[in-house]
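In: I'll drop the sequence and a predicted model, then ask my questions.
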Amino acid sequence: MQAKTGPAQNPAGATTLKKRDWPHYLLLTLTLVAATATLVSPPGAASNLYALLLLLAVASSIAALARQLPLQSVLFAAFITALIGGAAHGLSARTGLPFGPLSFGESSGLPLFNTVPPNVLLLWVIAIFNSRGVARLVLRPWRRVKTYGFLLMGLTAALALAFDFALEPFAHLKHLWLWEPTKIPVTWFGASPLSFLGWTFVSLMILAIIMPYLIRKQPGNPSAPDFAPLALWLGAIVLFSVNAAQANLWLPVIVNIVIAGVATFFSWRGAKW
């Protein structure tokens, strides 16, 4: 008799869950619609749609986490992510560290405090939050091991790095930022290996601070796998790939297909546990 009154089968609990879920699904749908609109709209209108798309993607990323965690904790984690990521990009624009010397294009938007455009801050939230969601899917078979937290941080940073690798050709095409030449001869659409090392370091720094706020405090059964972060993460990769294909940049398209395929395979595999 007690099993029938558990939280999973409580009608009131089910109603509460639905009320908490619908904003997330609405925002996710609007994000996918906006992403589609950017691909079919003329270039002049696309720039405004990209700004809307970023806002929707951030809101959807926050709403996805708020289904399982207190909203204030999620908002604080988003603020810290944007603050550190934006500060790192601003510092790099002034000193060349940690990513290498760069300057921001007009399409990134008006810079905050004459330093870093707001679009860059939003991109950091999208990259970190959804990379963490994908990492949780992949690591579901190991969620009870003692080193799970470190594994989650490491894999999240790796997925954020893959996100940046797919982002760089898109940023190059849209003039979000421009890389200045360095002594390092090998680059990926202007970004040197220093950029990717810096991205990994900053990602780990962000995660070390925000992870305690993204831990579910209430005891209970493990939550069902959440594919929303994977949808947003893959949606961004697809958007980057389509823009690269339209510019006949086929190498990034191939690389992005491999990145998306590997992430999807291991996410689906982990979600079955």
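Out: That came in fine, so what should we check first?
In: where do the helices sit along the protein?
Out: Counting by DSSP state H, the chain has helices at residues 11-40, 43-66, 71-95, 118-138, 148-174, 193-210, 228-246, 250-271.
In: so which of these gets nearest residue 183?
Out: helix 193-210 (10.2 Å; CB to CB). For glycine as for every other residue, the C-beta is placed from the backbone atoms N, C-alpha and C.
In: now what about that closest one, what contacts it?
Out: 76-77, 80-81, 84-85, 88, 92, 97-100, 124, 127-128, 131-132, 153-154, 156-158, 160-161, 164-165, 168, 179, 182, 184, 186, 188 (CB atoms under 8 Å, 6 or more residues apart in numbering).
In: just the helices of the chain: most buried one?
Out: Burial of the helices of the chain is given as mean neighbour count (mean count of other CB atoms under 10 Å); helix 118-138 ranks first at a mean of 25.
In: Any stretches of this structure with poor pLDDT?
Out: Along the chain, the parts satisfying pLDDT under 70 run over 1-20, 43-47, 107-110, 217-222.
In: If we use 80, what do you get?
Out: 1-22, 40-48, 105-114, 216-223 (pLDDT under 80).
In: How about the contacts made by the residue most central in space within it?
Out: Residue closest to the average C-alpha location in the chain (CA atoms, centre = their mean): residue 127, at 2.1 Å. The contact partners of residue 127, by CB under 8 Å, 6+ apart, come to 160, 163-164, 167, 203.
In: again, only using 6 Å
Out: Applying CB atoms under 6 Å, 6 or more residues apart in numbering, we find residue 127 in contact with 160, 163.
In: quick one: it from residue 236, how far?
Out: Separation of residue 127 from residue 236 (CB to CB, to the nearest Å): 8 Å.
In: Next: residue 40.
Out: 17 Å.
In: cool, and residue 120?
Out: To residue 236, residue 120 is 15 Å away according to CB to CB.
In: Likewise for residue 273?
Out: Separation of residue 273 from residue 236 (CB to CB): 26 Å.
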